[in-house]
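K.L.:
Dropping the sequence and predicted coords here.
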Amino acid sequence: MPITPTTAAHGAPNGTADAIWLELVDENGVTIGTAEKLAAHQPPGLLHRAFSVFLFDDRGRLLLQQRALGKYHSPGVWSNTCCGHPYPGESPFAAAARRTYEELGVSPALLAEAGTVRYNHPDPLSGLVEQEYNHLFAGLVRTPVHPDPEEVGATAFVTPQELAERHARDPFSAWFPTVLDAARPAIRELTGPAAGW
């Protein structure tokens with residue numbers, strides 16, 4: 001499994017620019033190296049840095065995305081607004097803002113740190129493993145989304161009740177309940193008690 005010292009480059013070390021590289025971290029979130037993305041997700045998984053974004057409209061509804069069917073990992077499932085991995089050397093905040101724009105064609109009106117969570121979630125369909133040290137962000141979106149169809153199959157704004165109903169009938173990403181629960185204190189502060197999160 002290829003592991004190299006961390007670099008600040010966005011592409012792969014050794015000039016292999018077609019690969020996507022992730023930051024490997026220890027249990028405290030300290031960077032210890034890099035690994036190619038797919039290799040990091042092979043069982044049992046390598047602990048790596050990730051981020052999850054939760055954006056809300058002014059009515060306190062959460063923006064969900066359905067992952068595109070063409071994605072190799074967890075295709076077609078519903079999940080939080082945006083999630084992904086910083087490039088080696090990229091800050092989680094910058095990566096969260098970048099990927100939100102790349103996937104949904106929108107820049108958050110507000111984006112704030114909402115904590116971190118560490119988890120280990122195998123994906124039974126793909127056989128891949130999410131061993132992640134995840135940086136959480138919550139914020140507001142006030143402009144229409146323009147999803148990239150290569151990344152996003154559908155979007156929906158939901159209240160807590162609508163989320164519960166959708167979660168009962170539709171498949172969601174394995175990590176969604178974990179990241180939502182970890183981000184709830186910051187989400188409640190952002191949306192206010194009336195929103196019900």
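P.N.:
The structure has been received and is ready for your questions. Residues are numbered from 1 along each chain as shown.
K.L.:
switch to C-alpha atoms for all contacts and neighbour counts from now on
P.N.:
Will do.
K.L.:
In this structure, what residue spans correspond to strands?
P.N.:
Counting by DSSP state E, the chain has strands at residues 3-4, 21-25, 31-36, 48-56, 62-67, 78-79, 82-84, 110-122, 129-140, 152-158.
K.L.:
now the ones you listed as JSON lines including mean pLDDT, distance to Ala94 and mean neighbour count?
P.N.:
Output for these, formatted as JSON lines (pLDDT from 0 to 100; distance: least, Cα to Cα, whole Å; neighbours: other Cα atoms under 10 Å):
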{"stretch": "strand 3-4", "mean pLDDT": "32", "distance to Ala94": "23", "mean neighbour count": "17"}
{"stretch": "strand 21-25", "mean pLDDT": "98", "distance to Ala94": "14", "mean neighbour count": "26"}
{"stretch": "strand 31-36", "mean pLDDT": "98", "distance to Ala94": "17", "mean neighbour count": "20"}
{"stretch": "strand 48-56", "mean pLDDT": "98", "distance to Ala94": "10", "mean neighbour count": "26"}
{"stretch": "strand 62-67", "mean pLDDT": "98", "distance to Ala94": "20", "mean neighbour count": "24"}
{"stretch": "strand 78-79", "mean pLDDT": "97", "distance to Ala94": "20", "mean neighbour count": "26"}
{"stretch": "strand 82-84", "mean pLDDT": "96", "distance to Ala94": "12", "mean neighbour count": "22"}
{"stretch": "strand 110-122", "mean pLDDT": "97", "distance to Ala94": "10", "mean neighbour count": "17"}
{"stretch": "strand 129-140", "mean pLDDT": "97", "distance to Ala94": "11", "mean neighbour count": "24"}
{"stretch": "strand 152-158", "mean pLDDT": "98", "distance to Ala94": "20", "mean neighbour count": "18"}
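K.L.:
Closest to the centroid, which residue in this protein?
P.N.:
By Cα atoms, centre = their mean, the mean C-alpha position of the chain lies nearest to Cys83, the distance being 1.5 Å.
K.L.:
if we can go back for a sec, can the strands of the chain go into TSV with extra columns for distance to Leu104?
P.N.:
Shown next, in TSV, are those (distance: least, Cα to Cα, whole Å):
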stretch	distance to Leu104
strand 3-4	31
strand 21-25	22
strand 31-36	25
strand 48-56	11
strand 62-67	9
strand 78-79	13
strand 82-84	8
strand 110-122	15
strand 129-140	13
strand 152-158	8
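K.L.:
I appreciate the help and will end here.
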